[in-house]
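S.K.: Test case, fold it:
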Amino acid sequence: MESPATTERSSTGTGQALPAALGQSILKAGQAIPNLRDRIPKLEPRRRKQEPSNPTPVPETPALPPRPDPSTLEFRTPVRRILLRKDHELFLASPSYRLILSFVFSLSESVADTPISAIKDSDLSEPVKAILRILDETEALCKESPPDDQGGSRFGNKTFRIFLDKVKQRGQQWHAAFLGGKLADAAVTEASAYLNQSFGNRTRIDYGSGHELNFIMWLLCLYQLSVLEQSDFKAVVLRIFARYLEVMRLIQMTYYLEPAGSHGVWGLDDYQFLPFLFGASQLLHHHFITPRAIHQELTLEEFGHDFLYLGQVAFVNSTKTVKGLRWHSPMLDDISSAKNWQKIEGGMRRMFVSEVLNKLPVMQHFLFGSLIPAAEGMSEQDPNAMGSEENEEESGEVEVYDDSDGKRHVHQPTGWGDCCGIKVPSSLAAAEELRKRGQVESLRRIPFD
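M.R.: This is a model prediction of the structure:
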């Protein structure tokens, strides 16, 4: 018989010995050992919290307004009218803002679920063919104006100015050829001003989404003048705009155009925006190309020529010196995790409104004439005091301040001014310089990739 001074048996029936002192204390209290199973909270699988939906609604497509009667318009050379922040606010509430939104989104909707190869040459109207010839000649002018040797510099090549001068000289001739005298010279002058601003800035030797928008506005002017019809919209995107992208890529690589207002590695793209909006619409209900497909080189190679989104991603990859979207284009990488192309297309609509039309640094260079009129009350540019847009440095609202070293700065609150002595080099120049040295295949991999 065991001595109670040495051990006690547990009342739970486990057969384990308890110290005598502990057993005696439990017996004295007259209580059994509690059933801890009832006190431990029930384990349940953790449920992932649903991500909050974007509170900003997807912008809808306003109805295209009736086109103006050309006989009622007073054609004039387009000028900048967004000179102050209040001008930008007036623009955002104006009919011209809704006209731009309607035209761009209508173009996007027209190519939903449509590859480029679906548009045959036989489907093209004569104005569309004429515009394509203009772009072909623009490409020829670029090839006729080779860049100067800058000793490996990654900054803009000054020969770009000679190229732009040639484009401007040929502009009237191009328009006269395909319009065939159907429009007044003043109307041609107004429309051609947007084309002249579609290939970059002559002084800064840069290019950005504002210049891309000017090209679309040139097409809008041709629509307003009844040169283009709504039946041409598919061809406008899949043939004209796609050809414009090809020409711009050649120009960017030839003259090392600096990115205008680049967000660097965190931006969607240094130069273009609309290929992603139009391209997402093309892929809206695609059966097997998902948003994650942009990480698959074979998919980009096989379908990049047919879908603007994939083609632009492939071009971005080809111009970087490191491998992997998550390193050189993290925003594109993040977007690829979306569930479907509808999500991406809606996000691109929001982005066009917030990052292009709602951004003063972009829209301060926008040109207004009679076809795309300024809102009443907007500032007027003095033609005697201001240079032309193509020869103008960054302007608009500026901030004047002294830094900690006593140096005076005069430039916009966002970005760098000439006083800072900092220019943004071309992001594709580094890759192009590698090609010149025969190092095409030597893309660097991030060590921890």
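S.K.: Quick check: residue 61 touching residue 103?
M.R.: No - applying Cβ atoms under 8 Å as the test, residue 61 and residue 103 come out as separate, 9.6 Å apart. C-beta coordinates here come from the backbone N, C-alpha and C atoms, glycine included.
S.K.: Residue 60 - how many residues pack around it?
M.R.: 10 (other Cβ atoms under 10 Å).
S.K.: any idea how far residue 202 is from it?
M.R.: 37 Å (Cβ to Cβ, to the nearest Å).
S.K.: can you check residue 249 too?
M.R.: 19 Å.
S.K.: Residue 300 too?
M.R.: 34 Å.
S.K.: Which residues are in contact with the residue nearest the centre of the chain?
M.R.: For the chain, the residue sitting closest to the mean C-alpha position, by Cα atoms, centre = their mean, is residue 273 at 2.6 Å. The contact partners of residue 273, taken as Cβ atoms under 8 Å, 6 or more residues apart in numbering, are 209, 212, 351-352, 355-356.
S.K.: What is the nearest of those residues to residue 142?
M.R.: residue 212 (16.9 Å; Cβ to Cβ).
S.K.: Next, the buried residues of the helix or strand hosting the closest one.
M.R.: Applying DSSP states H and E as the criterion places residue 212 in helix 209-224. The neighbour-count check on helix 209-224 (16 or more other Cβ atoms under 10 Å) flags 209-224 as buried.
S.K.: now, among those residues, which is nearest to residue 195?
M.R.: Nearest member of the buried residues of helix 209-224 to residue 195, counting by Cβ to Cβ, is residue 218, at 4.6 Å.
S.K.: Tell me how far that closest one lies from residue 308.
M.R.: Where residue 308 is concerned, residue 218 sits at a distance of 19 Å (Cβ to Cβ).
S.K.: ditto for residue 369
M.R.: For residue 369, the distance to residue 308 - Cβ to Cβ - is 29 Å.
S.K.: which one of these two has more residues nearby?
M.R.: residue 308 (28 against 24).
S.K.: I would like the residues contacting stretch 184-191, please.
M.R.: By Cβ under 8 Å, 6+ apart, stretch 184-191 touches 70, 73, 75-78, 172, 175-176, 179, 218, 221-222, 225, 369-371.
S.K.: For ChimeraX, what selects the buried ones among those residues?
M.R.: The buried subset of those, as determined by 16+ other Cβ under 10 Å, is captured in ChimeraX by this line:
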select :70,73,75,78,175,179,218,221,222,225,369,370,371
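S.K.: List the buried residues for stretch 166-178?
M.R.: By neighbour count on 16+ other Cβ under 10 Å, the buried set for stretch 166-178 is 166-168, 170-171, 174-175, 178.
S.K.: any idea of the mean pLDDT in it?
M.R.: The average pLDDT within stretch 166-178 is 88.
S.K.: ok, now which ones touch the closest residue in space to residue 340 that isn't next to it in sequence?
M.R.: Spatial nearest neighbour of residue 340, chain neighbours left out: residue 291 (7.1 Å); criterion: Cβ to Cβ, 6 or more residues apart in numbering. When contacts are counted by Cβ under 8 Å, 6+ apart, residue 291 touches 335-341, 344.
S.K.: which pair in the residues you listed spans the largest distance?
M.R.: 337 and 341, at 12.8 Å, using Cβ to Cβ across those.
S.K.: now the nearest residue to residue 379 once chain neighbours are set aside, what's its secondary structure?
M.R.: Among residues not flanking residue 379 along the chain, residue 83 sits closest, at 4.2 Å (Cβ to Cβ, 6+ apart). Following DSSP: H, G, I helix; E, B strand; the rest coil, residue 83 is assigned to coil.
S.K.: Now do residue 83 against residue 360, distance only.
M.R.: Going from residue 83 to residue 360 by Cβ to Cβ gives 10 Å.
S.K.: what angle sits between the longest helix anywhere in the chain and helix 209-224?
M.R.: In the chain, taking DSSP state H as the definition, the longest helix is helix 159-179. For helix 159-179 against helix 209-224, the angle by axes from the mean of the first three to the mean of the last three Cα atoms, to 10 degrees is 10 degrees.
S.K.: Using PDB, list the CA coordinates for helix 159-179.
M.R.: C-alpha atoms of helix 159-179 as PDB (Å, rounded to 0.1, in the frame of the first residue of the first chain):
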ATOM      1  CA  THR A 159      19.100  65.900 -83.800                       C
ATOM      2  CA  PHE A 160      15.500  65.200 -82.600                       C
ATOM      3  CA  ARG A 161      14.800  68.900 -83.200                       C
ATOM      4  CA  ILE A 162      15.800  68.600 -86.900                       C
ATOM      5  CA  PHE A 163      13.400  65.700 -87.100                       C
ATOM      6  CA  LEU A 164      10.500  67.700 -85.600                       C
ATOM      7  CA  ASP A 165      11.200  70.600 -87.900                       C
ATOM      8  CA  LYS A 166      10.800  68.300 -90.900                       C
ATOM      9  CA  VAL A 167       7.500  66.900 -89.500                       C
ATOM     10  CA  LYS A 168       6.200  70.400 -89.100                       C
ATOM     11  CA  GLN A 169       7.300  71.400 -92.600                       C
ATOM     12  CA  ARG A 170       5.500  68.500 -94.100                       C
ATOM     13  CA  GLY A 171       2.400  68.800 -92.000                       C
ATOM     14  CA  GLN A 172       0.400  71.100 -94.300                       C
ATOM     15  CA  GLN A 173       1.400  69.000 -97.300                       C
ATOM     16  CA  TRP A 174       0.200  65.800 -95.600                       C
ATOM     17  CA  HIS A 175      -3.100  67.300 -94.700                       C
ATOM     18  CA  ALA A 176      -3.700  68.900 -98.000                       C
ATOM     19  CA  ALA A 177      -3.000  65.600 -99.800                       C
ATOM     20  CA  PHE A 178      -5.600  63.500 -97.900                       C
ATOM     21  CA  LEU A 179      -8.200  66.200 -97.300                       C
END
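S.K.: so what secondary structure elements neighbour it?
M.R.: Applying 3 or more Cβ pairs under 8 Å, 6 or more residues apart in numbering; DSSP states H and E, one finds that helix 159-179 contacts helix 126-144, helix 185-196, helix 242-255.
S.K.: So what's the gap between stretch 199-211 and the chain middle?
M.R.: 15 Å (Cα atoms, centre = their mean, to the nearest Å).
S.K.: To clarify, my last question referred to stretch 53-66.
M.R.: That offset, for stretch 53-66, works out to 18 Å (Cα atoms, centre = their mean).
S.K.: Please apply the same query to stretch 192-210.
M.R.: Worked out by Cα atoms, centre = their mean, stretch 192-210 lies 16 Å from the chain centre.
S.K.: Could you check it and say which residues are buried?
M.R.: Applying 16+ other Cβ under 10 Å to stretch 192-210 flags 192-202, 204-210 as buried.
S.K.: Only C-alpha atoms, please: export it in CSV.
M.R.: Listed next in CSV are the C-alpha coordinates belonging to stretch 192-210 (Å, rounded to 0.1, in the frame of the first residue of the first chain):
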residue,chain,number,x,y,z
SER,A,192,-2.2,69.9,-87.7
ALA,A,193,-1.1,71.7,-84.5
TYR,A,194,-2.0,68.6,-82.5
LEU,A,195,-0.1,66.3,-84.8
ASN,A,196,3.0,68.6,-84.5
GLN,A,197,2.8,68.1,-80.7
SER,A,198,2.4,64.3,-80.9
PHE,A,199,6.0,63.3,-81.1
GLY,A,200,7.6,65.1,-78.2
ASN,A,201,8.9,68.5,-77.0
ARG,A,202,11.5,70.2,-79.2
THR,A,203,13.2,72.1,-76.4
ARG,A,204,13.2,69.5,-73.6
ILE,A,205,13.7,66.6,-76.0
ASP,A,206,11.2,64.6,-74.0
TYR,A,207,8.0,62.6,-74.5
GLY,A,208,5.1,61.6,-72.2
SER,A,209,1.4,60.8,-71.9
GLY,A,210,0.6,64.4,-72.8
